[in-house]
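**Student:** sequence and predicted structure below; questions after.
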Amino acid sequence: MPKRPNPELIDSDNPEWTDADFALARPASEVLPELFGLQAAQTMLKPRGRPRSEVVKERITIRFDADVLEAFRSTGKGWQTRMNDAMRDWVRAQASV
């Protein structure tokens, strides 16, 4: 038996879209300039978030001794970057041996 929708949760001001509604839909990049003007639309459509870094880092799982982690963490915010720099210095030192 199909579940009946709760009438208190039906939003008649914002009904669920039909296939016909989706067929008529247009991308925001087309609609926003008509509604708000080109300059405001460009501001609204501007990408957000952190820009992509030139240096791609790889996520891994690694285990360190507690005292090593505590030493880096005790240096405050940015400890992971400092740990990465220490590892890079070690790699460079090994390459010159």
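**Tutor:** The structure has been received and is ready for your questions. Numbering: from 1, shown residues only.

**Student:** alpha carbons only for contacts and neighbour counts from here, please
**Tutor:** OK.

**Student:** and the helices in the chain?
**Tutor:** Using DSSP state H, the helices of the chain run over residues 19-24, 28-36, 38-45, 66-73, 79-95.

**Student:** now mean pLDDT and mean neighbour count too, for those, in a markdown table please.
**Tutor:** As requested, those are exported to a markdown table (pLDDT from 0 to 100; neighbours: other Cα atoms under 10 Å):
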| stretch | mean pLDDT | mean neighbour count |
| --- | --- | --- |
| helix 19-24 | 96 | 8 |
| helix 28-36 | 95 | 13 |
| helix 38-45 | 95 | 13 |
| helix 66-73 | 97 | 12 |
| helix 79-95 | 95 | 12 |
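
**Student:** okay, those helices in TSV with distance to Asp13 next?
**Tutor:** Formatted as TSV, these follow (distance: least, Cα to Cα, whole Å):
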stretch	distance to Asp13
helix 19-24	15
helix 28-36	21
helix 38-45	25
helix 66-73	52
helix 79-95	50
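
**Student:** show the backbone phi and psi for Trp17.
**Tutor:** Dihedral pair for Trp17: phi -70, psi 150, per degrees, to the nearest 10.

**Student:** circling back to that earlier point, who wins for proximity to Glu8 among the helices of the chain?
**Tutor:** Taking Cα to Cα, helix 19-24 is the member of the helices of the chain nearest to Glu8, at 23.8 Å.
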